[in-house]
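Asker: When you get a sec, could you give me coordinates for this:
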Amino acid sequence: MDAADFKAVRGAVRRLVREDVVPREDEIEETDAIPEDVRRKAADMGLFGYTLPEEHGGLGATVSEDVQLAFEFGYTTPAFRSMFGTNNGIAGKVLVNAGTEEQQRHWLPRLAEGAVASFALTEAEAGSDPSGLTTRAVKDGDAYLISGSKRFITNAPLADLFVVFARTGEENYGTKGISVFLVEADLPGVIVGPKDHKTGQAGAWTAEVFFDNVRVDETALVGGQEGAGFGAAMKSLIRGRIHIAALCVGMAERILEESVAYAAASKQGGRPIGEFQLVQAMLAEIQTGVFAGRAMVVDAAEKYDSGEDRRLRPSATKLYCSEMVSRAADLAVQIHGGMGYMRGTAVERCFRDARLFRIYEGTSEIQKLIIGRALLKDAQQKGTK
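Answerer: Numbering: from 1, shown residues only. Reported below is the predicted structural model:
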């Protein structure tokens, strides 16, 4: 985007978040839903397709622009961003990166306007490592029959489209032979289970999804090519890790603001608790994490956009920022004392909401494996030269 245009977009997003969403966080927590008027404002602003190509109705945001917006999204409940996050991230990017021209023309404008796409990869025995995936798509003439189940699928109860990963090859285990399909939510045999009851992130709905011999035309095969599903999934997830890291930074900034304000106002023994050195030390630790996380995110986004690094930095950034925000939330609860353990306190909600960042888009443990393997691979390559 033009710099002036992007500045205006970011300013509008900041106002929406702070003026329309933050004041209603308790309502979202209690009702487990994003208010419809907030959803409409987000859609009217183009947030359901801000990273999608301009020729298909999106805003065409780069990763560097995406993370600047994610810093703003992270300031409030994660449910707000989750409402349109899969469109711009893991689900929408499968279409952008691997879809045929016809698939893109058909679906991307709809997603940009507010239709919801869900990324259906995770299964009971296939989480961060999809090699255990068992959902299968069997060729039947000019169609496929899809059978299996998916777990923890974000926006499943709201989805218009499922981006479904299923085995089409002879392999029953491993990453080969996995394909990806576009499955409309209202097709016969698509069954969405009840909403999951999660520890945090109220308003961000997840559910199990079942596919009982769901018949889809062969044109639903993304890219028209079998066996390309694993690569499509990983490409989307890698970009998504930088986005999640930016959300963590945004949440940590909110946690810091809440903690500084509380430390300045709350008194013990007639003195603001912010005058106590151990409280200052906790604030300093949170601030340092915010500075470091923001720097890592900006660098990772720039290197992703340039093509210099789409492997090591995304994982390292996601690992650091997701761990950092959990630590920040824990410190914030400690700063708030008993009030930090009470529902209705922003840092208490952040404490619960932050925990999931260390699990989805690849757990912290998976990120460590990716980083370690990448470092060793680079060392081996240098040693053979």
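Asker: Starting from residue 76, give me the distance back to residue 27.
Answerer: Residue 27 is 12 Å from residue 76, where distance means CB to CB, to the nearest Å. In short, each C-beta sits where N, CA and C put it, glycine included.
Asker: the more surrounded of the two?
Answerer: Ranked by neighbour count (other CB atoms under 10 Å), residue 27 and residue 76 place residue 76 first, with 23 against 13.
Asker: Do you have the strands of the stretch 251-385 of the chain handy? List them.
Answerer: For the stretch 251-385 of the chain, applying DSSP state E, counting those that start in this stretch gives strands covering 267-268, 271-272.
Asker: Now for the spatially most central residue of the chain: which residues touch it?
Answerer: Closest residue to the average C-alpha location of the chain: residue 244 at 5.3 Å, with CA atoms, centre = their mean. Going by CB atoms under 8 Å, 6 or more residues apart in numbering, residue 244 touches 318, 321, 322, 357, 360, 361.
Asker: repeat for residue 44
Answerer: Applying CB under 8 Å, 6+ apart, we find residue 44 in contact with no residue.
Asker: now it: how far from residue 20?
Answerer: Using CB to CB, residue 44 is found at 12 Å from residue 20.
Asker: ditto for residue 2
Answerer: Separation of residue 2 from residue 20 (CB to CB): 26 Å.
Asker: ok, for residue 100, nearest residue in space, not its chain neighbours?
Answerer: Spatially, and ignoring its direct neighbours in sequence, residue 100 is nearest to residue 224 (5.6 Å; CB to CB, 6 or more residues apart in numbering).
Asker: and that neighbour, how many neighbours?
Answerer: 14.
Asker: And the pLDDT at it?
Answerer: If you check residue 224, the pLDDT there is 97.
Asker: for residue 128, same thing?
Answerer: On pLDDT, residue 128 comes in at 83.
Asker: before we move on, what about residue 172?
Answerer: 88.
Asker: same thing with residue 383?
Answerer: The model reports residue 383 with a pLDDT of 81.
Asker: distance of it from residue 375?
Answerer: Relative to residue 375, residue 383 is positioned 13 Å away (CB to CB).
Asker: who's more crowded, the two?
Answerer: residue 375 (11 against 7).
Asker: wouldn't the more buried one be in contact with residue 312 here?
Answerer: Yes: contact criterion CB atoms under 8 Å: residue 375 and residue 312 qualify, at 7.5 Å.
Asker: Help me confirm that residue 194 is found in a strand?
Answerer: Yes: assessed with DSSP: H, G, I helix; E, B strand; the rest coil, residue 194 lies in a strand.
Asker: From residue 157, how far off is it?
Answerer: 8 Å.
Asker: One more: residue 93?
Answerer: Distance, residue 93 to residue 157, by CB to CB: 22 Å.
Asker: Comparing these two, which shows the higher neighbour count?
Answerer: Taking other CB under 10 Å, residue 93 and residue 157 do not tie; residue 93 has more neighbours (25 against 18).
Asker: Phi, psi for that one please.
Answerer: Backbone torsions for residue 93, taken as degrees, to the nearest 10, come to phi -70, psi -20.
Asker: And stretch 83-102, how far out from the chain middle?
Answerer: 13 Å (CA atoms, centre = their mean, to the nearest Å).
Asker: So which bits of it are buried?
Answerer: By neighbour count on 16 or more other CB atoms under 10 Å, the buried set for stretch 83-102 is 83-96, 98-99.
Asker: For it, measure first residue to last.
Answerer: This stretch, stretch 83-102, spans 26 Å end to end (CA to CA, to the nearest Å).
Asker: Tabulate the strands of the stretch 251-385 of the chain in JSON lines, adding columns for mean pLDDT, mean neighbour count and distance to residue 12.
Answerer: Converted to JSON lines, these look like this (pLDDT from 0 to 100; neighbours: other CB atoms under 10 Å; distance: least, CB to CB, whole Å):
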{"stretch": "strand 267-268", "mean pLDDT": "96", "mean neighbour count": "11", "distance to residue 12": "39"}
{"stretch": "strand 271-272", "mean pLDDT": "98", "mean neighbour count": "12", "distance to residue 12": "36"}
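Asker: Now render the ones you listed as TSV, adding distance to residue 162.
Answerer: Shown next, in TSV, are the strands of the stretch 251-385 of the chain (distance: least, CB to CB, whole Å):
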stretch	distance to residue 162
strand 267-268	53
strand 271-272	52
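Asker: can you give me the strands for the stretch 51-200 of the chain?
Answerer: Using DSSP E, counting those that start in this stretch, the strands assigned to the stretch 51-200 of the chain run over residues 117-120, 136-140, 143-154, 161-167, 178-184, 190-195.
Asker: count of neighbours near the nearest residue to residue 50 once chain neighbours are set aside?
Answerer: Leaving aside its sequence neighbours, residue 50 sits nearest to residue 59 (CB to CB, 6+ apart; 4.4 Å). Neighbours of residue 59 under the rule other CB under 10 Å: 22.
Asker: Would you agree residue 59 is in contact with residue 49?
Answerer: Yes: contact criterion CB under 8 Å: residue 59 and residue 49 qualify, at 6.8 Å.
Asker: State the pLDDT value of the nearest residue in space to residue 134 that is not next to it in sequence.
Answerer: Nearest residue to residue 134, sequence neighbours excluded (CB to CB, 6+ apart): residue 148, at 5.9 Å. Per-residue confidence (pLDDT) for residue 148: 98.
Asker: What of the one 10 residues further on?
Answerer: In the prediction, the pLDDT value recorded for residue 158 is 97.
Asker: Roughly how far does residue 198 sit from residue 356?
Answerer: For residue 198, the distance to residue 356 equals 8 Å [CB to CB].
Asker: Which one's more surrounded, the two?
Answerer: More neighbours surround residue 356 than the other of residue 198 and residue 356, with 20 against 16 (other CB under 10 Å).
Asker: need the contact list for that one.
Answerer: For residue 356, the contacting residues are 78, 198, 199, 200, 201, by CB under 8 Å, 6+ apart.
Asker: Quick check: neighbours shared by residue 194 and residue 157?
Answerer: Taking CB under 8 Å, 6+ apart as the criterion, residue 194 and residue 157 both touch residue 207.
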